[in-house]
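Participant: got a predicted model here, sequence first, then my questions.
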There are 6 protein chains.
Amino acid sequence: MSRRADGRADDEMRAVRITRGFTDHPAGSVLVEFGQTRVMCTASVEEGVPRWRRGSGLGWLTAEYSMLPAATHSRSQRESVKGKIGGRTHEISRLIGRSLRACIDLAALGENTIALDCDVLQADGGTRTAAITGAYVALVDAVAFLNARGKLADPQPISCAIAAVSVGVVDGRVRLDLPYEEDSRAEVDMNVVTTDAGTLVEIQGTGEGATFSRATLDKMLDLAAVGTERLFEAQRAALDAPRPASTAEHTAD
Amino acid sequence: MSRRADGRADDEMRAVRITRGFTDHPAGSVLVEFGQTRVMCTASVEEGVPRWRRGSGLGWLTAEYSMLPAATHSRSQRESVKGKIGGRTHEISRLIGRSLRACIDLAALGENTIALDCDVLQADGGTRTAAITGAYVALVDAVAFLNARGKLADPQPISCAIAAVSVGVVDGRVRLDLPYEEDSRAEVDMNVVTTDAGTLVEIQGTGEGATFSRATLDKMLDLAAVGTERLFEAQRAALDAPRPASTAEHTAD
Amino acid sequence: MSRRADGRADDEMRAVRITRGFTDHPAGSVLVEFGQTRVMCTASVEEGVPRWRRGSGLGWLTAEYSMLPAATHSRSQRESVKGKIGGRTHEISRLIGRSLRACIDLAALGENTIALDCDVLQADGGTRTAAITGAYVALVDAVAFLNARGKLADPQPISCAIAAVSVGVVDGRVRLDLPYEEDSRAEVDMNVVTTDAGTLVEIQGTGEGATFSRATLDKMLDLAAVGTERLFEAQRAALDAPRPASTAEHTAD
Amino acid sequence: MSRRADGRADDEMRAVRITRGFTDHPAGSVLVEFGQTRVMCTASVEEGVPRWRRGSGLGWLTAEYSMLPAATHSRSQRESVKGKIGGRTHEISRLIGRSLRACIDLAALGENTIALDCDVLQADGGTRTAAITGAYVALVDAVAFLNARGKLADPQPISCAIAAVSVGVVDGRVRLDLPYEEDSRAEVDMNVVTTDAGTLVEIQGTGEGATFSRATLDKMLDLAAVGTERLFEAQRAALDAPRPASTAEHTAD
Amino acid sequence: MSRRADGRADDEMRAVRITRGFTDHPAGSVLVEFGQTRVMCTASVEEGVPRWRRGSGLGWLTAEYSMLPAATHSRSQRESVKGKIGGRTHEISRLIGRSLRACIDLAALGENTIALDCDVLQADGGTRTAAITGAYVALVDAVAFLNARGKLADPQPISCAIAAVSVGVVDGRVRLDLPYEEDSRAEVDMNVVTTDAGTLVEIQGTGEGATFSRATLDKMLDLAAVGTERLFEAQRAALDAPRPASTAEHTAD
Amino acid sequence: MSRRADGRADDEMRAVRITRGFTDHPAGSVLVEFGQTRVMCTASVEEGVPRWRRGSGLGWLTAEYSMLPAATHSRSQRESVKGKIGGRTHEISRLIGRSLRACIDLAALGENTIALDCDVLQADGGTRTAAITGAYVALVDAVAFLNARGKLADPQPISCAIAAVSVGVVDGRVRLDLPYEEDSRAEVDMNVVTTDAGTLVEIQGTGEGATFSRATLDKMLDLAAVGTERLFEAQRAALDAPRPASTAEHTAD
């Protein structure tokens, strides 16, 4: 089998690194790296929920994704300067929020809000999948933070782990975890979000110029399962280490 | 098998109606109805392409989706009044554009732009899938309009038909073409965009509260194929009728 | 007397059609057509009033006007995409609101709000006058809807009918109900809103390039009275038919 | 006849003052006062026209109206801070522009743009009519400025004078030039823009709560003619004085 | 010593004029002139404070600065039309607010808000320093207004006078109170806000192209002290005159 | 002398760390840390200059400052979501741009633009001074990048080093490099930007509640000189190491 430009096999992930306690203020703060892609994922906790949810007894989890202007190969304009958020940013923020809500029991959370911020420091393909994978770890830390302070309605609100990976068809071959160089010319591009129980949370597959058969879809899903298995291992390894202290302790109490 | 609230079987589409020439000005204008869901889909043609594409010899196709404020059961606020477009609107507009670009050869289109506007007059679930299905018919009329005026680089820019349908898991059952009443409480919700050649253009499946197995995914894709087959028939029937005259002729020449 | 381009006499209205129950969700939903001009007018009811009016015992009526992008001969940009509402849209929305408030006793309405949405599906001149004329019919249905549910402080809040028509000077001749082709080159353009008691609610007359004498103003007002008489007949005919059921019933109770 | 709160007769204008050369930079700069209402009207000249008009040989005239936050009795929020311009501001800006374009031959102006800015320093009713009346004087100075520099295609682009006044029905009586105290409780409110040749440029009459008969309309138009006659005198008196020097000379050459 | 373009010595202020009661509605209204620079400074009083401050027992003082479009030599675009406030406007608004808060005891003010609006009618350099100097006088009048109505927690909330002046290095010479002609080519530009007790409230010094030594900084501060001494005299002279009546009395009680 | 909360002497800087090559895409990428404050500073190069500068032969340097939402102790709202940039952000962005333009000869740069992005990953006081100090190092790398490709009009466009530090009065004592805990309760707060030639680029001193004497100003400037001397050493140490490769090479050629 011919190798990819970066030397990987078709079914091989890039190097995955997950660093907890990357910054000190948020309840959870994680730097996640898929090769050259680096995303800072934080989980901030706030007492109370948005107005439309008050009195429901349910918590809330929201997510925002953003790309630093110099994260891409050629600098992109800052959305705060443009004065509006682009369609792509909205779409990914919504995807991250939906994906992480799939693993958390919002009733167990009580009327607290967790805000996940995923800021891309460097982009080399797969930023949304790295963001979901890292945000899960930040979420676990934020939940532990709330639990240690007796703020949860139920001490075990998280039911499973969540990870995401991209797969696609490039040069006619089904490949795992596409870097920018492959992503930008992929014929088919798919993001798969799964649980560590083996079920699917979200799939988004798009033909870019080409369309794809059910057989290709099946191959892509098989590869995605290989990739997320590797990601669940990396998450577990990161979470087995002792949890770094967060200074959020001082402001949340 | 138990019937659904509206009397349909699980694998049954709502009544589909496609009305060409719904308004007179655009090159293509279609009213598409999936039961109570009604979307006005227009295709407007413009000479020239956006700046970033000029001189490429390629055409462009873009789409915008919008919901009239009174389309929903309780009136929603107008996005023009809020001053910004919500994430959901952006996401659907981008989906429609991507889906329709899958069937058209932008080189054959020449440096012309086709703008698809999908305005929901009444919403009862499946508005994005109805929009894609209707927009395809408006696109065919717009291409015929351009062709009749010798504006195309190649007279056959459309390679296949495009249709879309929603499927989901409701009350534990896999069902086709969800109305609002089912969609709002679906455990899994998926939109499938396909070609009449049987290939997939886009799939977006989301667990809402629940996650789903590969086996469920397969059942949903099977049902979607049943639904889009029915939609391709309706498109063909509508397009077999003589094309209504468009007054766009007067302004485009 | 020479005929106009569309064969009408100077004092002749275009064909007027008023369709009640055009969509199912709002309390009132009307499609109004003045020739090729088609406007969807809906009246949505909401319990409560805006904050600045709470506790006053008075209801509120507001209106929003919008043009679908493909309604005009050449596609116009969507105001939600531009991120702001243009001056013309604001001006017409305010005119519609003021005009319809002239026929309703807001104390009799109780602390309820009626939102009138006038969305132009196809524009061929006179969209604001068609909108006012159709919105009146939607308003009557919305009031009946509220009345049937015992929500009104007084069962007869509407004191008169409201209709509007355009008049102008084209080719040196005073003409009634200008289509786009005449409106775009009119020397004087006037919109007249009247009650079926023969009084004026609003007049807005503008010289476009030319100015006009009091004598011309008088002739224009005479023609406007001919036109609105015709419109009041059409409104009565539409309202004499049985009122179509609205599904708003299910959500408003 | 009973007197009004400020001692005037029903057909009497407030004190009118027109000060030319109020500031030094613009080609025309006028402070106009109708009693306590004070509006600074400037006319700035710029070579060239907006893009959509280039190459037409025609000039352009545009107007913007704004209220300083402390101009009103209780401070209003700044529209630049709100981030959008309200409907009323748009409507008045458009009215001023249309009204002044009625007196100028844009072909004679050549491809130059005149921007009229009407900033209300103090508001006591009738700000839009004072603005139009003052803007005319600033426009005359700006045209003289251009003429002195040989920038006009034709040295006499202005065909008539323009002035505007409000009339209304207050306490059942038709009255001229309403101050805030009357305007805020008027039953009918009308703004009339006229030429010194006796023709009408624009009329906007609105029933506020009440509607009005053709007979009342006629009486209002009679009073308006009395008022604008007084305004044309004040404009002529101001313009007969020598024109103050503008420092715009230094930057426009 | 060589004279400046306008005939002044390096350490000489332009003519300073302070007119109280410039408009009638606000509690304080001042026109301040530094030569050709003219700024209208108003102080509006409002009962209550912004939400984040409620219940604190403290008052609030806020400021907004704005330039009329025709104030500058060539007309600038209105920020309300652009839809956002530029960096320079924000920065100056914040500076004015901070500077005036330095002289007022917000506890003595009680839960009242004073809004300072500084609108530049004509700009010829030093608009922010003129604004601060004039705003102080408007503030004194607004405080007297509140005091006369028994609204203050303590009758003497103002502890000192505040004035501001610009200094800079132009043509290698340290100069006081720069007009536009000097400011636009200054090598160093500094704004100094001081109290009449001789202390500093704020200094902002910027090298424009050039940097500057501590010795130059000292000379600039010496000149600034000369200038503000002159400004404190002008403030005292203006405030020694009887206070003009404000119509704000009628609305604030 | 009593120690500060973090154990430092009044004239002692926090630990300063400067990491070059923090990310790979920009021509210069630096992580700068002043204690717990961490700012990512990137310098992106682009051929060409903004439109208003084209054809001048001069280059341009611009800067943008932003705070990640989770950088602060309690999460702040994203400015891209609010849809506008706050006054503080604008002010700091402008300060950074002005400060760095003081050390670069824009003619030597040729018609190239350097964009400095300073994104605060973690905030603990002094973010703007850390940003300026780090941006200088990123700028040096970006200039070397351009030089290596022969893009500069003159190979030595940088004339001096730039660094910035905060000083203030806390608990009545003049202190260097204030962390958040001190900054939030400082009586006087000053930011000083200097060159390594000992001259001043910018000083911004503000009394917060208190005012300050010339003697205090002098003491603050003395301390600032101590601090920036330490920063110039850290910059030199960082720049003496070999320059890390930037992948910007691949896209800029």
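Facilitator: Now that the structure is in, tell me what you want to look at.
Participant: tell me the contacts of the residue in the stretch 101-250 of chain A positioned nearest to chain C?
Facilitator: In the stretch 101-250 of chain A, the residue found nearest to chain C is residue A:206; the distance is 22.8 Å by Cβ to the nearest Cβ. From N, CA and C alone the C-beta is placed, and that goes for glycine too. Residues in contact with residue A:206 (Cβ atoms under 8 Å, 6 or more residues apart in numbering or on different chains) are A:188-190, B:98, B:201-202.
Participant: at 10 Å what do you get?
Facilitator: Residue A:206 sits next to A:168, A:186, A:188-191, A:212, B:94-95, B:98-99, B:102, B:193, B:200-204 when contact means Cβ atoms under 10 Å, 6 or more residues apart in numbering or on different chains.
Participant: distance check, it against residue B:168.
Facilitator: The gap separating residue A:206 from residue B:168 is 20 Å, by Cβ to Cβ, to the nearest Å.
Participant: helices - which of the contacts of residue A:206 land there?
Facilitator: B:94-95, B:98-99 (DSSP state H).
Participant: give the ChimeraX command for selecting the buried subset of the residues you listed.
Facilitator: The ChimeraX selection below is limited to those of those classed as buried (16 or more other Cβ atoms under 10 Å in any protein chain shown):
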select /B:94,95,98,99
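Participant: enumerate the positions of stretch A:65-75 that are buried.
Facilitator: Applying 16+ other Cβ under 10 Å to stretch A:65-75 flags A:65-73, A:75 as buried.
Participant: tell me how many other residues surround residue A:15.
Facilitator: By other Cβ atoms under 10 Å in any protein chain shown, the residues close to residue A:15 number 10.
Participant: nearest residue to it other than its sequence neighbours?
Facilitator: Nearest non-adjacent residue to residue A:15, counting by Cβ to Cβ, 6 or more residues apart in numbering or on different chains: residue A:35, 5.9 Å away.
Participant: could I get the pLDDT score of that neighbour?
Facilitator: On pLDDT, residue A:35 comes in at 97.
Participant: mind giving me the ChimeraX command for buried ones among the contacts of residue A:206?
Facilitator: The buried residues among these can be selected in ChimeraX (16+ other Cβ under 10 Å) with this line:
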select /A:168,186,188,189,190,191,212 /B:94,95,98,99,102,193,200,201,202,203,204
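Participant: if you look at the contacts of residue A:206, which of them are in strands?
Facilitator: A:168, A:188-191, B:193, B:200-204 (DSSP state E).
Participant: dump those residues into CSV; add distance to residue D:136 and pLDDT as well.
Facilitator: Formatted as CSV, these follow (distance: Cβ to Cβ, whole Å; pLDDT from 0 to 100):
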residue, distance to residue D:136, pLDDT
A:168, 67, 97
A:188, 66, 96
A:189, 62, 95
A:190, 66, 98
A:191, 63, 98
B:193, 60, 98
B:200, 67, 98
B:201, 61, 97
B:202, 60, 97
B:203, 65, 97
B:204, 60, 97
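Participant: of those, which pair is most distant in space?
Facilitator: Spanning the widest gap among the ones in strands among the contacts of residue A:206 are A:168 and B:193, at 17.2 Å by Cβ to Cβ.
Participant: before we move on, back to that, ok, the residue nearest to residue A:15 touching residue A:166?
Facilitator: No - using Cβ atoms under 10 Å as the test, residue A:35 is too far from residue A:166 to be in contact (11.9 Å).
Participant: which one's more surrounded, these two?
Facilitator: Neighbour count, other Cβ under 10 Å: between residue A:35 and residue A:166, residue A:166 has more, with 28 against 20.
Participant: which strands border the helix or strand hosting that one, and is each parallel or antiparallel?
Facilitator: Using DSSP states H and E, residue A:166 falls within strand A:162-170. Taking DSSP bridges as the criterion, strand A:162-170 forms sheet pairs with strand A:173-176 (antiparallel), strand A:188-195 (antiparallel).
Participant: other SSEs contacting the helix or strand following the first one?
Facilitator: On the C-terminal side of strand A:173-176, the nearest following helix or strand under DSSP H and E is helix A:180-183. The criterion is 3 or more Cβ pairs under 10 Å, 6 or more residues apart in numbering or on different chains; DSSP states H and E, and the helices and strands that helix A:180-183 contacts are strand A:162-170.
Participant: next, the residue of the stretch 101-250 of chain A found nearest chain E: secondary structure please.
Facilitator: Chain E sits closest to residue A:113 of the stretch 101-250 of chain A, with a gap of 19.3 Å, by Cβ to the nearest Cβ. Here residue A:113 is recorded as strand under DSSP: H, G, I helix; E, B strand; the rest coil.
Participant: now do the end-to-end distance for stretch A:147-159.
Facilitator: 15 Å (Cα to Cα, to the nearest Å).
Participant: report the buried residues of that stretch.
Facilitator: For stretch A:147-159, the neighbour count (16+ other Cβ under 10 Å) marks A:151-153, A:157-158 as buried.
Participant: near chain F at all, that stretch?
Facilitator: No - using Cβ under 10 Å from any Cβ of the partner chain, stretch A:147-159 stays clear of chain F, coming no nearer than 15.4 Å.
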